[in-house]
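K.L.:
Quick one: sequence plus predicted model below, questions after.
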Amino acid sequence: MGLFDKLTGLLGLKKKEVNVLCLGLDNSGKTTIINQLKPTTAQAQDIVPTIGFSIEKFKTSSLSFTVFDMSGQGRYRNLWEHYYKDGHAIIFVIDSGDKLRMVVAKEELDTLLNHPDIKHRRLPILFFANKMDLRDALSAVKVSQLLCLENIRDKPWHICGSDAVKGDGLQEGVDWLQGRGPPLLRNRISSVARFLR
């Protein structure tokens, strides 16, 4: 049974739109993760770097999902904030093999968390410490320490190691995302999690 068939079976959901922001530095694997989370029939064979941003829309009879795949290149990061207000969840992807740019990833995360459209909202944030298949990749725990994730106390968050090419770790993240956030957001987040399956 496909993703859309599962979503159509959801009960109690009227027309809703769920927006997921997929953020992170360039070459962290955001587009590959989004591709893996799509239904098999909709997956692209070749992944190319995102220039600017791309929007993936998925619709069912009861739900409309929009995933914003934002380019992580320096000159495009200022575009991220234009989509914060309408986001219901954030996926933040880190290249765990790129130790040199871990400080840049932390700076971007701090900027995100302190933005007025994010700061006072309990948006769930799912972190993927991606590229765990690389020999010198940092563990998810080490990435968490370098990004100081323990300082995030006002939002539900979770980090898991992943290999976007193989799809490893993605299900763990999706499972966590389901049901996170305050009660008012739970139905939406639950829908996001089902969408990502």
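P.N.:
Ah, there it is.
K.L.:
For W157, which non-adjacent residue is closest in space?
P.N.:
I125 (4.4 Å; CB to CB, 6 or more residues apart in numbering). Every C-beta, even on glycine, is put in place using the N, C-alpha and C of the backbone.
K.L.:
Check whether the one you found really touches P156, as I assumed.
P.N.:
Yes: using CB atoms under 8 Å, I125 is in contact with P156, at 7.4 Å.
K.L.:
Same drill for those two, tell me which one is more crowded.
P.N.:
Using other CB atoms under 10 Å, the more surrounded residue of I125 and P156 is I125, with 23 against 19.
K.L.:
Rounded mean pLDDT for the helix or strand hosting L23, please.
P.N.:
Secondary-structure assignment from DSSP states H and E places L23 in strand 16-24. Strand 16-24 shows a mean pLDDT of 76 in the predicted model.
K.L.:
what about I159, is that helix, strand or coil?
P.N.:
strand (DSSP: H, G, I helix; E, B strand; the rest coil).
K.L.:
tell me the pLDDT at it?
P.N.:
We have a pLDDT of 95 for I159.
K.L.:
And for the one 4 residues further on?
P.N.:
Per-residue confidence (pLDDT) for D163: 95.
K.L.:
repeat for D98
P.N.:
94.
K.L.:
Check which residues of stretch 130-150 are buried.
P.N.:
N130, K131, M132, A137, L138, A140, V143, S144, L146, L147, L149 (16 or more other CB atoms under 10 Å).
K.L.:
Including secondary structure, could those go into JSON lines?
P.N.:
Formatted as JSON lines, those follow (three-state DSSP):
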{"residue": "N130", "secondary structure": "strand"}
{"residue": "K131", "secondary structure": "coil"}
{"residue": "M132", "secondary structure": "coil"}
{"residue": "A137", "secondary structure": "coil"}
{"residue": "L138", "secondary structure": "coil"}
{"residue": "A140", "secondary structure": "helix"}
{"residue": "V143", "secondary structure": "helix"}
{"residue": "S144", "secondary structure": "helix"}
{"residue": "L146", "secondary structure": "helix"}
{"residue": "L147", "secondary structure": "coil"}
{"residue": "L149", "secondary structure": "helix"}
